[in-house]
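1. Next come a sequence and a model predicted from it.
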Amino acid sequence: MLVNQKVHFMNATDMPQLDSTFSALSDSTRRAIVARLADGETSLSDLAEPFDMSLTAVSKHLKVLSDAGLVDIEKRGRTRHCRLQGAPIKEAIDWLSKYEAFWIDRFDALARHLAKEEIDK
């Protein structure tokens, strides 16, 4: 029999950034942009190069990421430079890590339960 455990989860309402972070990351193009920016700062034109869309479309994705606090866009002369901001991602990881521990505990409990059933056969 599985034992119920009381698990303390971080209250998402205490972390208002989470909604905008997860909303911004819900799009595969924006996740790809974040992955590219994880390698370091780059110009908007270099960032947009591998995507099969217009520079305007990439700019719209960047605006969503910027509004969510995930990306800083700085204009230097005629060039816009983009850089990843890690704080919102760290907050999301911290929140998700509580659920990771919960599911690891649940799977461990299930494994113990199945092992016990196997022995009882």
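-> Here it is on my side, so go on. Numbering: from 1, shown residues only.
2. I'd like to know which elements the longest helix seen in the chain is packed against.
-> Across the chain, the longest stretch assigned as helix under DSSP state H is helix 87-120. Under the contact definition 3 or more CB pairs under 8 Å, 6 or more residues apart in numbering; DSSP states H and E, helix 87-120 sits against helix 17-24. C-beta coordinates here come from the backbone N, C-alpha and C atoms, glycine included.
3. name the helices or strands packed onto the helix it packs on?
-> So helix 17-24, by 3+ CB pairs under 8 Å, 6+ apart, packs with helix 55-67, helix 87-120.
4. in the first one, what's buried?
-> When neighbours are counted by 16 or more other CB atoms under 10 Å, the buried residues of helix 55-67 are found to be 58-59, 61-62, 64-66.
5. Identify, from these, the entry nearest to Ser45.
-> Val58 (9.1 Å; CB to CB).
6. what's the pLDDT at that closest one?
-> On pLDDT, Val58 comes in at 97.
7. surely it meets Glu49?
-> No - contact criterion CB atoms under 8 Å: Val58 and Glu49 do not qualify, at 9.2 Å.
8. Find me the pLDDT at the residue positioned nearest the centre of the chain, would you?
-> For the chain, the residue nearest the mean C-alpha position is Ile89 (5.5 Å; CA atoms, centre = their mean). The confidence metric pLDDT takes the value 93 at Ile89.
9. number of nearby residues for Pro50?
-> Close neighbours of Pro50, defined as other CB atoms under 10 Å, add up to 9.
10. How about the contacts made by it?
-> Neighbouring residues of Pro50 by CB atoms under 8 Å, 6 or more residues apart in numbering: Arg36.
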